[in-house]
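Chemist: fold the following for me, if possible:
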Amino acid sequence: MGVLRENDADAAGNEREGVTKFHLCYTRGAPLRAARLATLQGWRRILFDLGLIGQEATEGGPIGFGNVSERFDAEQDGHERFLITATQTGHKPVLTPKDYSLVTGWDLAANRIDAEGPSPPSSESLTHAIFYASLADVRYVFHGHSPEIWSCAEALGLPSTARDAPYGTPAIAREVQSLLALPDCRATGLLVMGGHRNGVISFAASADAAGEILIQTLARARGLASRPSPW
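Modeler: Numbers count the residues shown, from 1 in each chain. Alright, predicted model coming up:
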């Protein structure tokens, strides 16, 4: 077991996706069977093909973005565990069982994630944990990047976290926690990460519902962007 902690900015001082900002207590373990990961694998590939998960070039080098997770039924120490894509996997079109991690516990106040598996978990694991802790009926959480949805959030009437709450931190986790307490946000099934450029998250009781919410919202956003200017 060890604690991993990395810097949260590149050489130019820019925020970096995929950088772990929480204290991670990680135990290396065997991967799960491919059949157990099939649903996540399928939707993760769809989101990758749509550009909602992937990699972008930055001054500090290529940075991956986007991740998916699924509630894991068995409890440990009072926590409902969840599967999540591993850190630094956004660039891969197809993942293997070695590219997933099992989060076994978390502590928002201590900014800590406990995990096990063949690879360390996504840098957004703390945010995913809040969805599972807040909403008992949520079984899937999909985080992607969409400039169209993010820039049209107000026009689409989407709930958004504060712009001064950076990704992967207790601050944004608390923002998400506050939003999920609102019936309108829970009904929408999608929120925008105001302090994480282009970041959007969908959540639902099934993978199909979480994926469809994200795709339908993307279609609405592109529809707004394609409207001719009145001027």
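Chemist: let me know the average pLDDT across stretch 36-55.
Modeler: The average pLDDT for stretch 36-55 rounds to 96.
Chemist: mind listing what's buried in it?
Modeler: The neighbour-count check on stretch 36-55 (16 or more other CB atoms under 10 Å) flags 37, 39-41, 43-44, 46-48, 52-55 as buried. Glycine gets a C-beta too; all of them are placed from N, C-alpha and C.
Chemist: stretch 109-118 too?
Modeler: For stretch 109-118, by 16+ other CB under 10 Å, it's 111-118.
Chemist: that older thread, just the buried residues of stretch 36-55: which are in helices?
Modeler: 39-41, 43-44, 46-48 (DSSP state H).
Chemist: doesn't Leu95 make contact with Phe48?
Modeler: No - contact criterion CB atoms under 8 Å: Phe48 and Leu95 do not qualify, at 9.1 Å.
Chemist: tell me where the protein has helices.
Modeler: Counting by DSSP H, residue ranges of the helices within the chain are 38-49, 125-134, 147-151, 153-156, 170-180, 183-188, 207-225.
Chemist: show residues contacting the fourth one.
Modeler: So that's helix 153-156. Helix 153-156 has contacts (CB atoms under 8 Å, 6 or more residues apart in numbering) with 149, 160, 192, 194, 217, 220-221, 224.
Chemist: picking up where we left off before, kindly reformat the buried residues of stretch 36-55 as TSV containing distance to Asp208.
Modeler: Formatted as TSV, the buried residues of stretch 36-55 follow (distance: CB to CB, whole Å):
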residue	distance to Asp208
Leu37	16
Thr39	9
Leu40	12
Gln41	14
Trp43	8
Arg44	13
Ile46	10
Leu47	13
Phe48	17
Leu52	16
Ile53	17
Gly54	22
Gln55	26
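Chemist: having no further points to raise, I will conclude here.
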